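S.K.: below is the structure, and that's it, no one-letter string:
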């Protein structure tokens, strides 16, 4: 395992009944990188997340995260879904510290850290609010803060902005990049939106179903920080076109 | 809640009760209803206050039966709800039995209870608990069955064990449902106590007092006793609503109360 790699998958596979959800997969993720996964439904991206998070046991292979074998274990990744899954009876502060509560008691340090995150990323005035008082975008921000507050290096984000309107979504993408840069976490990001994948990522994995596998691994060498200008640059369009061709490759033939 | 809404919440119910009493008064006075058939509202109230030294201990007994029975029923009901949710096998074994308990006419339950428990407080407590536990069990079971599956998955990914998932997520998630069962139970509780008193009292009780008032054509006494029983039911229901109000602030507030630990004052628009 090289010093810069955070996560290494070797020969990971998973079959449900007669369906190969994930055929033998090798994957290395660099520490601090932002990697998106795109692909049609059934391509195994959710299975991959479930295996990484420890929800399901792969049929074989090894997963090495920061030098530890984590197969079948839980509690080693931050995880966030399209649904914000905020609990209505806890305040914003209480939701951000939910991970700590689920592991035991919320300490003063947990609370201070949560406040620090919230204040830095535009939620400082809402610490004492219940989620019902927040907009969809705000709720996703709280959900991401909750994910960060688990203090895991690897964050698995499964279409976190899928339910937001286009404008809020773009704001959230820029905000996510800022958070990612500041906190130096490693992000694995599932999305159906190719623009989103190109805009955010250092690297895009294109997956394909039957059997679920990675069919392309593209580097995104667009300069950072990324802005509105990035979206209309020729380089952006070129990468987007590559991803789209790869995604629709099989159907085009 | 705005001031206007609060005033409406307090004075609305008062107004409707006043109107109801007015209608009662009007029917008795203008309809020339004989006093042994229906008293004027004031006479009914008078029948209570003038006999209060007799009625007070009886009322106190009924309150005790109602409250003890309710607490036993609520605790048992919540416990059964959790058991049914956590042990799927129990759902098949216990559920038919639970239905069976509710199919037995309550009034028919009294004689065997008297044989077993005598004429004291116990048979009434059992009858009240018998009535109250069922809606609580059903509501708790329903609440626990509808906890967001994705939320539980998230908790698993975060490394939470099943006890923590239950305490931190499932229990509070079921609280809203729990209170709907508790409120239904609260309206039935006093009815259970009175049925118990009718069927399983040897000496004096509110129910027997009413029966003897009825026997002596004392309409004011009959109505007055009904008023006491109703008041017990209403006050108990309001206490449960009050408990819900305190226990579930997120349902009506946008921010947590300021005295909470870690909270800081926040100005809010709504």
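M.R.: Arrived safely, thanks for sending. Quick caveat: nothing in here was measured; it's all calculated off a predicted structure.

S.K.: isn't residue A:126 right up against residue A:132?
M.R.: No - checked against C-beta atoms under 8 Å, the pair residue A:126 and residue A:132 is beyond contact range at 11.8 Å. Where you see a C-beta, it was placed from the backbone N, CA and C, and this is true even at glycine.

S.K.: any figure for the gap between residue A:94 and residue A:128?
M.R.: 9 Å (C-beta to C-beta, to the nearest Å).

S.K.: swap in residue B:104?
M.R.: Relative to residue A:128, and taking C-beta to C-beta, residue B:104 is found at 50 Å.

S.K.: show me the shaky parts of the chain.
M.R.: Using chain A. Along chain A, segments meeting pLDDT under 70 span A:1-3, A:250-253.

S.K.: other chain: chain B
M.R.: B:1, B:202, B:258-270.

S.K.: helix or strand right after the helix ranked longest in it?
M.R.: Scanning chain B for the helix with the most residues, using DSSP state H, yields helix B:52-86. Counting by DSSP states H and E, the element after helix B:52-86 in chain order, helix or strand, is helix B:88-103.

S.K.: and that following helix, how far from the chain's centre?
M.R.: 23 Å (C-alpha atoms, centre = their mean, to the nearest Å).

S.K.: tilt between it and helix B:52-86?
M.R.: Computed with axes from the mean of the first three to the mean of the last three C-alpha atoms, to 10 degrees, the direction of helix B:88-103 lies at 150 degrees from that of helix B:52-86.

S.K.: ok, then the element right after helix B:88-103?
M.R.: helix B:106-117.

S.K.: helices or strands up against that following helix?
M.R.: helix B:121-145, helix B:171-199 (3 or more C-beta pairs under 8 Å, 6 or more residues apart in numbering or on different chains; DSSP states H and E).

S.K.: excluding covalently adjacent residues, which one is nearest to residue 81?
M.R.: Let's take chain A. Spatial nearest neighbour of residue A:81, chain neighbours left out: residue A:158 (5.0 Å); criterion: C-beta to C-beta, 6 or more residues apart in numbering or on different chains.

S.K.: you looked at the wrong chain, it should be chain B
M.R.: residue B:140 (2.7 Å).

S.K.: so the one you found makes contact with residue B:179?
M.R.: No - with contact taken as C-beta under 8 Å, residue B:140 and residue B:179 are classed as non-touching, separated by 10.2 Å.

S.K.: these two: which has the busier surroundings?
M.R.: Each of residue B:140 and residue B:179 has its neighbours counted (other C-beta atoms under 10 Å in any protein chain shown); residue B:140 has more, 27 against 22.

S.K.: for the more buried one, give me its contacts.
M.R.: Taking C-beta atoms under 8 Å, 6 or more residues apart in numbering or on different chains, we find residue B:140 in contact with B:77-78, B:80-82, B:85, B:174, B:177-178, B:181.

S.K.: now, which of these sits nearest chain A?
M.R.: residue B:174 (10.9 Å; C-beta to the nearest C-beta).

S.K.: and the closest one, what does it touch?
M.R.: Applying C-beta under 8 Å, 6+ apart, we find residue B:174 in contact with B:81, B:140, B:143-144, B:147.

S.K.: the residue of the stretch 151-253 of chain A found nearest chain B: neighbouring residues, count only.
M.R.: Chain B sits closest to residue A:156 of the stretch 151-253 of chain A, with a gap of 8.2 Å, by C-beta to the nearest C-beta. Residues near residue A:156, counting by other C-beta under 10 Å, number 24.

S.K.: surely it touches residue A:80?
M.R.: Yes - using C-beta under 8 Å, residue A:156 is in contact with residue A:80, at 7.3 Å.

S.K.: tell me the buried residues in stretch B:45-62?
M.R.: Neighbour counts using 16 or more other C-beta atoms under 10 Å in any protein chain shown place B:45, B:47-48, B:51, B:55, B:58-59, B:61-62 of stretch B:45-62 among the buried residues.
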